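J.: I need the structure of the sequence given here:
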Amino acid sequence: MIKKFVALVFMVALVVTLAPVAADAQSDAPMRRPDGQPDISGVFTFRTLTPYQRPRQFEDQETLTAEAAAAFEASERTRQNRDLFDPETGARNAGYQPRSEGGVLSYNEFWYERGIDLTDDKRTSLVIDPPNGRLPPRVPGVRAPREQSEEAEDERNARRYDSYTNRSLMDRCIMGFNAGPPMSSGAYNNNVMIFQTADHVVILNEMVHNARIIPIDDVATPPFKQFSGVSRGHWEDETFVIETTNFRGGESRGTSPNKHLIERFTRVNSDRVAYEYTVTDPTVYTAPFTVMMPFRRTDGPLFEYACHEGNIGMHGILAGARELERQGRKLRP
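T.: Numbering: from 1, shown residues only. A predicted model of the protein is given here:
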């Protein structure tokens, strides 16, 4: 009896001792749903201080040392801090009118969530291909929006106050500036919820409540176009792959409706999903480009993003333009 008791105590002690090891060993194993699919679901943030394109100062550096990364992160938190902008003294003011002309600064720093650090591997750009960390050259003759001629810019500005239809999709709360597709780290609302069933994956972005419902496998692509394109998904081993075409317009990063987008989601561990996408747009860029950024698990839930409720922002923009016209004052860009 004593031998049995001692043996039992030994077995319990052994189980207790090995339990954390077994749990740790399983933590790196692929997370799976009951139907066997890899589990990429959860609430994540994709905010980061890593620049989209590699800054010229890091031209030959794909990653930074821990010390260099800490210095860059600190400098970026200072450079981007809206509380340090002062239009009164001529300091950088994000393009807003000076207060003497009725201008006000936008949100203060409290409202921003750019992130506090670089990616885990301390990369100097989210763009990983081309290898220089920068977008490929544009097709000859195709200019970026900010590179339009002065005449074209004046004409665009002259029309943008005529009607709500001349305002951007962001002004009209139709598309968010970071929701994509593809998603891209921005100043705020960098949160996303992913949930899945056996035959669908849903990607719900916090920004402008954009939800993409993506069928899995053998589903015909309809001929119509949508602002966020038409997406279809399939599994490649542990990675969920989404192919999106049929974009309507208003795309990000200056791309065109001819854009072809491939997105890849891979569960790394319980706290990370790797998000990678490749854009091919021969109308605008001379070569495809690929971006990789982390999704980091964050506490939910997501709350509805109401943009400017009742579209009062749009009313204010157009009503203000009519008042300036009544006063004979020039409309600002």
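
J.: so how far is residue 211 from the closest residue in space to residue 274 that isn't next to it in sequence?
T.: Ranked by Cβ to Cβ, 6 or more residues apart in numbering and with sequence neighbours excluded, the top spatial neighbour of residue 274 is residue 266, at 4.5 Å. Where you see a C-beta, it was placed from the backbone N, CA and C, and this is true even at glycine. Residue 266 sits 22 Å away from residue 211, going by Cβ to Cβ, to the nearest Å.

J.: again, but for residue 311
T.: Where residue 211 is concerned, residue 311 sits at a distance of 20 Å (Cβ to Cβ).

J.: more neighbours: these two, which one.
T.: The residue with more neighbours, out of residue 311 and residue 211, is residue 311; 14 against 11, by other Cβ atoms under 10 Å.

J.: now do the contacts for the closest residue to that one other than its chain neighbours.
T.: The shortest distance from residue 311 to any non-neighbouring residue, by Cβ to Cβ, 6+ apart, is to residue 173 (7.2 Å). Listed by Cβ atoms under 8 Å, 6 or more residues apart in numbering, the contact partners of residue 173 are 208, 307, 308, 311, 313.

J.: is the third one in contact with residue 314, as I believe?
T.: Yes - Residue 308 is in contact with residue 314 according to Cβ atoms under 8 Å; the separation is 7.2 Å.

J.: which of those two has more residues huddled nearby?
T.: Higher neighbour count among residue 308 and residue 314: residue 314, with 17 against 14, using other Cβ under 10 Å.

J.: what ranges do the strands span in this structure?
T.: Using DSSP state E, the strands of the chain run over residues 42-45, 127-129, 191-196, 200-205, 211-215, 230-236, 239-245, 260-269, 272-280, 289-297.

J.: please parse the protein into its domains.
T.: For the chain, automatic domain parsing gives the domain ranges 45-49+124-320, 65-117.

J.: picking that back up, can you tell me which of the contacts of residue 173 are in helices?
T.: residue 313 (DSSP state H).

J.: make TSV out of the contacts of residue 173 and add pLDDT.
T.: Output for these, formatted as TSV (pLDDT from 0 to 100):
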residue	pLDDT
208	85
307	81
308	72
311	70
313	83
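
J.: nearest to residue 323, of the contacts of residue 173?
T.: Minimum distance to residue 323 across those is 15.7 Å, recorded for residue 313 (Cβ to Cβ).
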